[in-house]
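# just the structure for this:
(chains A and B)
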Number of protein chains: 2
Amino acid sequence: MKVSKFGGSSVANSEQIKKVLNIINSDDERKIVVVSAPGKRFKEDTKTTDLLIRLYDKVINKLDYAHKLQQIIERYEEIVHALEMDDKILDNLRNDILRLIDVYQNKPERLLDALKSCGEDFNAQIIAQYNTQLGYPTRYLSPKEAGILVTDEPGNAMILESSYEQIYKLRDYEETLIVPGFFGYSENDDIVTFPRGGSDITGAILARGIKASLYENFTDVSGIFRANPTVVSHPEVIPEVTYREMRELSYAGFGVFHDEALEPLYKDRIPVVIKNTNAPDDKGTFILSERDTSNLSHIISGVSCDKGFTTINIKKYLMNREVGFTRKVLSILEEENISIEHIPSGIDNLSIIIRSNQIEGKEKRVLNKIREQIKVDELTIEYDLAILMIVGEGMNKAIGTASGATSALSRNNINLNMINQGSSEISMMFGINEQYSDIAVQAIYNEYFAKETAQL
Amino acid sequence: MKVSKFGGSSVANSEQIKKVLNIINSDDERKIVVVSAPGKRFKEDTKTTDLLIRLYDKVINKLDYAHKLQQIIERYEEIVHALEMDDKILDNLRNDILRLIDVYQNKPERLLDALKSCGEDFNAQIIAQYNTQLGYPTRYLSPKEAGILVTDEPGNAMILESSYEQIYKLRDYEETLIVPGFFGYSENDDIVTFPRGGSDITGAILARGIKASLYENFTDVSGIFRANPTVVSHPEVIPEVTYREMRELSYAGFGVFHDEALEPLYKDRIPVVIKNTNAPDDKGTFILSERDTSNLSHIISGVSCDKGFTTINIKKYLMNREVGFTRKVLSILEEENISIEHIPSGIDNLSIIIRSNQIEGKEKRVLNKIREQIKVDELTIEYDLAILMIVGEGMNKAIGTASGATSALSRNNINLNMINQGSSEISMMFGINEQYSDIAVQAIYNEYFAKETAQL
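Below you'll find the model as predicted:
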């Protein structure tokens, strides 16, 4: 039994919904379907979720929200009419929204989560009803009916372990189930949404709960590219990656699939495939717990680069003779609730690499605290660091990966501020100046893929 | 005014002492001289300091120590006779040792420090008296008279800042001063020895105190080699290094000059030269605060490799989202009084590199504590790591150093367990398996020196 999740662009209009149902109805294993809210139909379009947030803003500011509500209804109206469905369902939607506004008008956080959830929820209802109309036994199931119980932190729900037993029972349904993504219910019966990538998380939770043979994640590209397609033209699609490769690529800016969504799948080693709703026969990218690395065509799986890192540099003579030195520095950052990324070090110096948004506005206080509490010789802060990540399960077997990568960067005159290769040996991380991000990704891609292809 | 320090082999016998005095008397700037205890005269010989430690063992175990005492006296007797000096001085030596044994027999730590100090102290007395005999106004000055006041931690003395004012007054002496290295006096008037490299420390303290124009460190080699001469045959001597280059080379096993000894010189930027007592006209190696890197003949200054590191590897999914994760791990090590060296990290893993002697016997307890106090996915420990260090002030200007180094290692089939390049940019550090230590040093030396030489 598979769990199939469809992203916003896959369910943005009637035409896309027909494609989705074709995919679902063509495979008996596809019994549990997670849908997003209608996404963009064209480049300048607004996602339904964003319309709902605008509605929330009006309500919360006591402004007239009739027009915003109407815009939302129209989004669904277009779908319902194009699918030649009964109009009645639209009244339900309108009434539901008005009811939520009424109930939660004095609880802004609750109202935001509740309104945001409507995008997925209505879409799931419409799609279930339409598929039934087509003659396929299909049932809409709210996250509550599906057993998705979550922690009560608005916008940042986490699944409660107890949910999984309940979810396993979904296997017993005869019908195809359509479940809205993005939210669950708290033990107090409140709607709570997941953090970003929310529908991916719902899909992963259901896949784990029903012990799916495969979690299919349908989107609008035919898998995960080896490099950002806005930086490298027509990059290859990766046929297979492991969870941990995916995680390391996501770390440095790979956007297709949120790595947090992998967490529920991790333990039970449930395979994932990223597929294209618009080209369902394309093989897509499989994300697996393990993969055979004995006969790899490529040493590395992909390359990514993320900007927006800040470095605190500390120099102190005989630093490493002082037990607890690094711990003291880290304690100061912890006091400020700053999570750190990496700590490359020399003999008498260490750098602390932090995502810039973590330390924004706290720089002065942090530097002052370090100066006051720890005797250091030099203390500086640097901005605009990018982290370039080269990832591949094959790297730990291949002597010379570091050499190939550093040569490629050197030929492109990219100075390496930092090199950090830890114990995992499935990645190499380079700190470079942000301005070199694109050139670096191109250089690495050309070194490992374009070149190899050219040799064939 | 220069401070000149002579190591154990430079003052091991009468012939060497004559060389030393030739050097001193040939330069009017050489007014303050620090001498070690007589070192080895031939490969199987025993250093005087080790004879003194054996004497201590006898005394402390209430055994007959007459023979051990006699061996020590004989060491000096040989020198005194060969220099045709008055025998009387030997009686003083004997009486001094007997007095120290009497005073400190119930204070083992004090006795050890007091006896160890005799090696340097007697040698200084003999050399001062002999030089006076030669007609050069020379005076033995005990560390107390020289103003070397230290903290009261036996075997691990640290200079008290207040000493420097006193030491500055040594400039006023007309005579050449001979000061024994290796120890100072506590405020309670006890003899306290410095940690290893002790005479180098005495020299550095005096150089700083008198604001010397140069600190000359005479030994039995003509400077610092670019690589360990037991690994690379006939390596080049480095003409100039900076303090920090020296520090990074020392870190990974460069033995000529103890980096701790540089600390007093660091602030006042006093230059050091490492010279050869047996070839005093050789230029030696200058250790400087800064050096001109605009026109370097070599990008790197040297390469070294030290064995005996242990790595603790931790894996934890989404580790970097958890504020304080690394701090918690480091706190456990701090509780066990383990100082750490480096913390290379990936996305979901981090390694902690520790000198093996720091964690010896504590491994189980440390691993158990980590397991109990921190939720980790995987925890392993690895031994037999060597750290290869490539050092050079020129590296931060030269794009491609990393590439050259990694290529050279790759061509020699050396797998890189760890790469750590921090903010200093004057070094690159590689973690490799101990078995590759020598091959790695040879590969790097050949890449950067042998090759360049061949091209000339």
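# low-confidence ranges in the stretch 251-400 of chain A?
Within the stretch 251-400 of chain A, the stretches with pLDDT under 70 are A:255-256, A:396-398.
# who in it is up against chain B?
A:251, A:259-260, A:263, A:266, A:311, A:313, A:315, A:317-318, A:320-324, A:326-327, A:330-331, A:333-334, A:337-351, A:399-400 (C-beta under 8 Å from any C-beta of the partner chain). Bear in mind the C-beta positions are built from the backbone N, C-alpha and C, glycine included.
# same thing but 7 Å
A:251, A:263, A:266, A:311, A:313, A:317-318, A:320-321, A:323-324, A:326-327, A:330-331, A:334, A:337-351, A:399-400 (C-beta under 7 Å from any C-beta of the partner chain).
# any of those buried? List them.
For those, a burial check counting by 16 or more other C-beta atoms under 10 Å in any protein chain shown picks out A:251, A:263, A:266, A:311, A:313, A:317-318, A:320, A:323-324, A:326-327, A:330-331, A:334, A:338-351, A:399-400.
# could you tell me which of those belong to strands?
A:Thr311, A:Asn313, A:Asn349, A:Leu350, A:Ser351 (DSSP state E).
# sort out which residues of stretch A:94-103 are buried, please.
A:Ile97, A:Leu100, A:Ile101.
# quick check, pLDDT for the last one.
pLDDT, the model's per-residue confidence, is 96 for A:Ile101.
# what's the distance between the closest residue to it other than its chain neighbours and chain B?
Leaving aside its sequence neighbours, A:Ile101 sits nearest to A:Val59 (C-beta to C-beta, 6 or more residues apart in numbering or on different chains; 5.5 Å). Noted for A:Val59: a distance of 32 Å to chain B, by C-beta to the nearest C-beta, to the nearest Å.
# how many residues are close by A:Val59?
22 (other C-beta atoms under 10 Å in any protein chain shown).
# residue contacts, it?
Contacts here follow C-beta atoms under 7 Å, 6 or more residues apart in numbering or on different chains; on that basis A:Val59 touches A:Tyr65, A:Ile101, A:Gln105, A:Leu111.
# count of residues packed around the last one?
Which is A:Leu111. 21.
# quick check: it vs chain B, distance?
28 Å.
# check which element follows the strand or helix carrying that residue along the chain.
For A:Leu111, the element it lies in under DSSP states H and E is helix A:108-133. Next along the chain after helix A:108-133, taking DSSP H and E as the criterion, comes strand A:138-140.
# which helices and strands sit right next to that next one?
helix A:108-133, strand A:176-180 (3 or more C-beta pairs under 7 Å, 6 or more residues apart in numbering or on different chains; DSSP states H and E).
# the shortest one pairs with which strands, and in what direction?
Strand A:176-180 has the following strand partners under DSSP bridges: strand A:30-35 (parallel), strand A:138-140 (parallel).
# could you dump these to JSON lines with mean pLDDT and mean neighbour count?
JSON lines is the format used below for these (pLDDT from 0 to 100; neighbours: other C-beta atoms under 10 Å in any protein chain shown):
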{"stretch": "strand A:30-35", "mean pLDDT": "98", "mean neighbour count": "26"}
{"stretch": "strand A:138-140", "mean pLDDT": "98", "mean neighbour count": "20"}
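# distance between the ends of stretch A:138-154?
Start and end residues of stretch A:138-154 are separated by 30 Å (C-alpha to C-alpha, to the nearest Å).
# okay, whatever residue of the stretch 101-250 of chain A ends up closest to chain B: pLDDT?
Using C-beta to the nearest C-beta, the closest approach of the stretch 101-250 of chain A to chain B is made by A:Glu248 at 4.9 Å. The model reports A:Glu248 with a pLDDT of 83.
# what's the neighbour count on it?
Neighbours of A:Glu248 (other C-beta under 10 Å): 29.
# residues in contact with it?
Here A:Glu248 is in contact with A:Met389, A:Val391, A:Ile426, A:Ser427, B:Gly346, B:Ile347 (C-beta under 7 Å, 6+ apart).
# surely it forms part of a helix?
Yes. Under DSSP: H, G, I helix; E, B strand; the rest coil, A:Glu248 falls within a helix.
# what helices and strands are in contact with the helix or strand that A:Ile370 is a member of?
Assessed by DSSP H and E, A:Ile370 sits inside helix A:363-373. Packing contacts for helix A:363-373, counted by 3+ C-beta pairs under 7 Å, 6+ apart, involve helix A:325-335, strand A:378-391.
# what's that helix in contact with?
For helix A:363-373, using C-beta under 7 Å, 6+ apart, the contacting residues are A:Lys328, A:Val329, A:Ile332, A:Leu333, A:Glu336, A:Ile359, A:Val376, A:Leu379, A:Ile381.
# how many residues are close by A:Asp57?
A:Asp57: 13 neighbours (other C-beta under 10 Å).
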